[in-house]
Each structure stands twice: as structure tokens, then as C-alpha cells.
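Peer 1: Quick one, fold the following:
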Amino acid sequence: MSDNENIINPGDENLHDSVPVTGMYKDWFLDYASYVILERAVPAIEDGLKPVQRRILHAMKEMDDGRFNKVANIIGQSMQYHPHGDASIGDAIVNLGQKDLLIETQGNWGDIRTGDSAAAARYIEARLSKFALEVVFNPQTTDWQLSYDGRKREPVTLPVKFPLLLAQGVEGIAVGLSTKILPHNFCELIEGSIEILKGNKTNILPDFLTGGLADFSEYNGGLRGGKVKVRARIEEEDTKILVIKEIPYGTTTDSLIDSILKANDKGKIKIKKVVDNTAKNVEIQVHLASGVSPDVTIDALYAFTDCEVSISPNACVIINEKPVFLSVNDILEYNTKQTKKLLKQELEIRKGELMEKLLFSSLEKIFIENRIYRDIEECTTWEEVLQAIDKGLDPYKPDFYREITQDDLVRLTEIKIKRISKYDSFKADELMRRLEEELKEVNYNLRHLTEYSIKYYERLLEKYGKGRERKTEIRAFDTIQATVVAANNAKLYVNRKDGFVGFGLKKDEFVCDCSDLDDIIAIRKDGKMMVSKIQDKLFMGKDILHVGIFRKNDDRLTFNLIYLDGASGRAMVKRFQPGGVTRDREYDLTKGTKGSKVLYLTANPNGEAEIVTVYLTQGAKARVKVFDFDFATLDIKGRGAGGNILTKYPVRKVQLKMEGVSTLGGLDIYYDPVVGRLNTDERGQLIGNFLGEDKILVCYKSGDYELTGFELTNRYEPNEVLLIEKFDPEKVLSAVYYDGGSKTYYVKRFQIETTTMNKKFNFITDHRSSYLKLISTEKQPQVKVLVLKGKTEEEQEYDLDMLIDVKGWKAMGNKLSSHPVKEVNLISSQKAENKVKEGQDDDSSDELEIGSTIDLSPKKDSDEEQLGLF
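Peer 2: Below is the predicted model of the structure:
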């Protein structure tokens, strides 16, 4: 051991002066948390940049010569300001470059859609974009500070004259704090700033480079607690192939495909394969298994895969070195006011520069034209020279905007003899005139600063807005019930005697196909009903009479029941719907008395009411021991209703005599044009009342028509539908379409002759520019047409049924007019309007009649009704 080594003595008194670890931890943690929040994770509101991004842009500005620089060189330059490793700087540069706003890139910079990473820093190049050079930098309005080692100076914040934070978006996780601001559309931000400058309120919504569809109904201005649902854009190539054209923000094609394959492995969806054809544009083909509905599969993709993701924004920014939570609209307002302030500073700086130029130009002119330079020829000292010049300027000093300083006099002495000898008074006056005009313009802009700011934003929009239109389509999404769209990935079995139900009882009785998300309903012989979550093996009580899939809010499923009341010995009859239930709870379908049991039970998915034959016992005192009963004579009531008396005599058996029809009437189907879905909740327009084999006719802008069923899982593209109604094969369709080949409007009338379901048939020309302008099923449709006769516009009205006869659906039709057509609009005929009104009255009365036959409220024992037969 060497002599200079320090040996700690356990008895050393200095050890008693140590600081408690708890106190050190408290201080260090707060220091560390503050550092991470302010210096790494959360952006400043002034320029919307994190420190590393700001330092990168500053370093690129110092290197800027108009040419591309290797990213490796940029990283090295940035390390003079950023006290961290090259990897974090390189990742931040790539992130900025992929946003395609501030940095122009060259080389392989990766792909945010596929998740491919960028090439190594030595292989890729970058330079500042023209937009960045114009909007982000201005040394005269920048506040500076020393870099971490004191060798360089760096900006505190950059004087950005644009809502950069909202345009790029940001995500950061600090200590005990996080921020997530979604990117917004470039053009919409500028338009929003203009509206703020005009004194109007604005409401901006995110826009993603990956496109897709988004529901912003719960966005909440980007504050905590808000939510954004983003969906992939999925199209039907045909009945067997779905194509994903755009993916949700935050996902990649690889992660999306992985989620689809996992859902298929779990049995949530049924597909054959997934093919990734992504190149310039995203294209993921999903090949469906045979017999699988494309519409249901699209819903299932949204429900069980990353084709739909939910994003929770949390807008947090640094203001005055403190984290603050603001809405995106507040941030936009702050940035707009800051831009106005920076523009004012630039104008004031320019005003000062112009006034100085005018001052010196005036001094120079006086100095040369009045030959003041000759007065200094006899001077022997520097002080005498300056005094001579100052004296020569005395008569003109009252006209100057400020006092003449010694520096001004020195500048005059620095004028070269060559300039004095070639001085052109006319050119000098012309220069001063231009300076005065510019100064006048600057003063005007300062007096009209809001107007000047609006013009600044308009110039940005005109110069850089092209190609930055909204990519994400704003939609309102419908709620997808997972249990409805889940593929049947299991089989339901039952052991009725022992009371077991589940998908693991493969040796017992098969009931139906199901999914592992379903609920099951069971009704036992003792009159008990129970609903439970499906399991591998579940005990639901012995002697099960009925078991099936339970669909919540199914107002069509109706049970027809005859049971023996144990207390009175009477046979009771009732029709009921299950209604709302609590899982694993038993419900009495009888009166609950001891000895009660079910004599007859059927489950009817559409409210059917059959006729049964009732056999009484041989010892019964009734004169008629066999009689028929029609369930259609009963109203549908709640499951708790006691029912009506069928007979007071003992029943030997009940047999089905005749299958019945639905007593619920047809189903009123509505179309919601906002989400493009069918519903029975009276949202949107009433399509009609549907029964059995009824169909829906849909006509699209593309010139296709399609016949579909009225399943609520059907999907229609809301922006493409021109007509949707209940299909009537006798109706004639009158259509006006534009032929892209001849650039002419045509009219045709035809009937639907095809019967194939869920297949589109094109009834206009197949030119890529052809489209359907309007279509009607009215008997006497009229159109108002604006035609161009020479240079004069003339409005004409046509009866389409008079223009052309009914022909085949493949016929081309006739020209609408021999003159160029500028506009076509449909006019409803008065007869059709009256018919619609009459139809509405009829529908409303039908609805009232249907509604009056259904009573779901439970009846008490005292409400029993004697049928009066026996």
C-alpha cells in the first residue's frame, strides 16, 4: 500500500457530517425530472421543437450552402450543441426528415408505412427545405444562449412564424409526465390562423401522413381524456378479396399483417392468406375463406385487428420553463399571435434599417454636393476634421430623425475619392426615393399588422400548400359489436340430462356453430332461464329444454311457452321475449311455485306463432279432451308475465300442428348516410319495412347497381351512394350519366333484370371518366337542365319518361341534349311528392299498429286472462 493512499478510519469524526440518502434522492430526483421534462421530452410552444431538434436545425443552418450534406456530418456539427450521443441525434434527424416539412432528404430514409428504417448516416444526405429557410430562421429576432460547454451560442427558441408544433406533432415521455400532440394538416392550420386573425373561432382536427379514416367526435381538442379512432381504408376488390389501401396512424404494414394473422389464428376472422403488395402505395390483399361475407369480415378486421386503433392525445407544452396542458386550438391561437408579434419585430427592424440607409444617403449627398470634404483639407488633427464635417452639416440637422453621432461623421470620412468623383446625384435621388417608398410600405404594414399577417399566411398557403391537402378522411364511425362480427370458431354442445353446456363436450349433442365471445341462453324443464358466457364446460342446471346463442338487444327472438302452474294445477300459456338479463342469474318463466314445469317451448327468431294440439289426460272431466291452440292470439309480453290460462284440466301432452308466421310484422330498416350502415334505431332515412326475401337496391356514383339483403352488417360507402331503397322489380329506374368518352350527358330508363345478390353491375359506359349524375325510381321524373346555346345559358325542363322508352339495363341510352350541358338537377313531380306524403302517413300508422301489439312489461298474477274455451 502506497503512502499517499487515503485510509478511512471508522472512528473518523468527518463521517458524522454525511448527508442522509433520502434527502439526496429527493433533490436529485426533482432535478432529474425537471431536466428530462425541459431538455428532452416536451417541446417549447414557441417553436414546437425539442432541444435536440432545435440544435439540429441550428447546426444545419450554419452548414447551409444550398447543397446536400451527409447526415453523419450534420450529426457531428449538432454534437457541438447537444450533450448526448450520436445515435439520439441521428434518430431525431430521421424523424424530422420523414415528416417532409423542414428537411429535404436524399437517399434511403426509410418508410413510416412499412416500418423500414433509414440507411446508415454516412449514406444519406439532407438540407434545409425552402420552407424552413423562410419560416424558421431569423438571427435578428432570435434569443441566444451559450451552448453546454460555453464555446458556442445556440438559440433559446427559434423564431418560427408558423404553427410548427401542430403541423409535425410530437410524442414524448418524461418523468411523471408525457405529451402526445397529433399532426395536423398544413393547409388547415394556415386557414385556421387566418380565421383567428379575423377574430373567428376555429376547430382544427388531426391529419396523418398514412391517410386512413378517422373519427374525431371524442377528440376534445387534443386534451387529456380525448380519444381518436383511426381505421384503415379497406375496399372490396371482389367477394373473395379485400384490399387495404391506407393504414391507421401509428401502425405499419408489417404490424397490421401480424395482427390480422393473429386474429385468424384465434378464430376471430376466417381468411386464406394475406399478400403484401405495398410499393409506392399501400396494398395489402386479404383473401377470404369460402362462404365468408366481405362486409362482416371488414367489421371483424376493425374489431379484432390493428385495422382500427384508438389514440389518446395529451397536449402538453413548455411555457416559461413550465409544462402546461393546452388544447390544440389554444396552441394555434398562441402560435398565431406569436407569428404576428415576430412579423411586427421584423417590420420594426426593417424600418430601422431603412431609416438608417436614408439618413446616411442624405448625409452622403450633403457631404459630396456641398463639398464639405474640401473643408477638411486645411485641418491638421482628427478632431478638427470631425468638427469641420459636423459644422458643415449644422444647417441640415433639424431635418434628420435623430442626432448625428461621431460614428456617422467617421463613416463620411471613409468615403473614397473615386466614389466622390463619380457621384451621380440623379441615381442617389432615385435610391432615396425607393427607400422612402419601402419605408412608407413598412409603416403601412405596421399600422395594418393584422392585414399584413393574413397576407403572410395566404402567401405561405399559395407557395407551399400544393400537395399538402388532407390525407385522412373525417368520418363518424359506427359501433361494431364484437360478438356479431366474430367468426364462428367453436361448436356448441349440450348434455341436456346432466345440464352441461360448452364447446368442449364434443361427445354430446351438437347445437350450433358459435364464437368464444358469445353468450348462451338455457331454459330448463323447471321453468328457469339463465344466460352465461360460453365456456369449455359449464353447468346450467339439469333437464335443459332449450339452449342457443343469446344476442343482446334482440327484439325479434320470441319464446312460445306452455307450463304447468304447481300451485293451481292450471296449464298456462304465454309469449315472451328475454329482455335484459344479468349473466349467471336464474329467472323464473313460471310463477315460481313448487311443482311448476314446462309442458311446451319453442324459440322463434322472428316472432313466429305456431298452432299446437293440446291433449288432456283420459281422467280429465272436460268434455273435449283434444283441442288446438293458436299462439298468434296472444300478445308478446315480458318474461315475468304469468300468462293466460290455457286450461284448468291436467294436460297429457302438447304437439305442434302447424308452423306459424311472424306476428311482429316486417322490420323497419333505416339507412344512416353518415356512417353508411343499416340500422333499426331510426337513425337516418327509412328505407322500408322488410320481410323474408326482401332486398335493397343500391345505386352508386360509379354507375353500378347492387342488390343486397337487409342484414345490419351490410356496409355502403356513404360518399358513393346516390340511391338506396327497398327493391321493387316492377319499378323503372331513370338515370342521367356523363359519358367520359364523348364528354356528353346521356339519359336511359331500365328495369333491374339481374337477380344475383351482393354483386355490382355497371349500367353506364366503362370509360374511366364516366359517372352517374342522378337516378330516380319515380314514375314521372323531371330534370332541370342548364344548357349552353352559343354564348347564352338557357334553363330547360325535361320529363325523362317522355325522352326515352324503357330499354335493357345494358343499353347506352340517348343524349340528354344536343347542346352542351352545364348542370343537371332532379325535380320531384307533384304526384310523386303527394305519394311520398301518403306513404309516410301509411307507414306511421303501420308502425303504431305494430308497436301496440307488443307489450314487454311483466304482468302480475291478477292480470291473468281466461281464454274462455274450457
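Peer 1: use CA for all of it now, contacts and neighbours both
Peer 2: Noted.
Peer 1: Check what pLDDT the most centrally placed residue in the chain gets.
Peer 2: The centroid of the chain falls nearest to residue 214 when counting by CA atoms, centre = their mean (0.9 Å). On pLDDT, residue 214 comes in at 94.
Peer 1: So in that sheet, which strands flank the helix or strand containing it, and in what orientation?
Peer 2: Here residue 214, judged by DSSP states H and E, is contained in strand 213-215. Strand 213-215 has its sheet partners listed here by DSSP bridges as strand 228-231 (antiparallel), strand 473-474 (parallel).
Peer 1: and among those strands, the most buried is which?
Peer 2: strand 228-231 (a mean of 24; mean count of other CA atoms under 10 Å).
Peer 1: Can you name the element that comes right after that one?
Peer 2: Assigned by DSSP H and E, the successor of strand 228-231 is strand 233-238.
Peer 1: Identify the residues contacting residue 252.
Peer 2: 112-115 (CA atoms under 8 Å, 6 or more residues apart in numbering).
Peer 1: Among those residues, find the lowest-pLDDT one for me.
Peer 2: Among the contacts of residue 252, residue 115 has the lowest pLDDT, at 89.
Peer 1: looking at it, that one is touching residue 249, isn't it?
Peer 2: No - between residue 115 and residue 249 there is no contact under CA atoms under 8 Å: 11.8 Å.
Peer 1: higher neighbour count, those two?
Peer 2: residue 249 (26 against 14; other CA atoms under 10 Å).
Peer 1: before we move on, the earlier item: would you mind checking which of the contacts of residue 252 is nearest to residue 128?
Peer 2: Residue 128 has its nearest neighbour among these in residue 112, at 20.4 Å by CA to CA.
Peer 1: and that closest one, what does it touch?
Peer 2: Per CA under 8 Å, 6+ apart, neighbours of residue 112: 98, 210, 252.
Peer 1: which sections of this structure are below the confidence cut-off?
Peer 2: Within the chain, the stretches with pLDDT under 70 are 1-26, 28-31, 35, 482-487, 828-870.
Peer 1: how many other residues sit next to residue 392?
Peer 2: 18.
Peer 1: Distance-wise, check it relative to residue 373.
Peer 2: Counting by CA to CA, to the nearest Å, the gap from residue 392 to residue 373 is 9 Å.
Peer 1: Quick check: neighbours shared by those two?
Peer 2: residue 367.
Peer 1: if we can go back for a sec, may I see the contacts of residue 112 organised as TSV, with distance to residue 260 added?
Peer 2: Converted to TSV, the contacts of residue 112 look like this (distance: CA to CA, whole Å):
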residue	distance to residue 260
98	26
210	18
252	12
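Peer 1: Go through those residues and name the one nearest residue 720.
Peer 2: Among these, and counting by CA to CA, the member closest to residue 720 is residue 210, at 22.2 Å.
Peer 1: Pull the number of nearby residues for that closest one.
Peer 2: 20.
Peer 1: Hmm, residue 253 and it touching each other?
Peer 2: No - the pair residue 210 / residue 253 is not scored as a contact, 10.6 Å apart, by CA under 8 Å.
Peer 1: Tell me which of the contacts of residue 112 fall in strands.
Peer 2: Counting by DSSP state E, no part of the contacts of residue 112 is found in strands.
Peer 1: Helices - which of those residues land there?
Peer 2: residue 98 (DSSP state H).
Peer 1: and which of the contacts of residue 112 is nearest to residue 538?
Peer 2: Closest to residue 538, out of all of the contacts of residue 112 and judged by CA to CA, is residue 252, at 40.7 Å.
Peer 1: where's that closest one relative to residue 232, distance?
Peer 2: With CA to CA as the criterion, residue 252 and residue 232 are 11 Å apart.
Peer 1: For the helix or strand harbouring residue 167, name the packing helices and strands.
Peer 2: For residue 167, the element it lies in under DSSP H and E is helix 164-168. Counting contacts by 3 or more CA pairs under 8 Å, 6 or more residues apart in numbering; DSSP states H and E, helix 164-168 is packed against helix 186-197, helix 328-369.
Peer 1: Quickly compare those helices and say which is most buried.
Peer 2: Most buried of the helices and strands packed on helix 164-168, by mean neighbour count (mean count of other CA under 10 Å): helix 186-197, with a mean of 22.
Peer 1: could you give the angle of it to helix 328-369?
Peer 2: 80 degrees (axes from the mean of the first three to the mean of the last three CA atoms, to 10 degrees).
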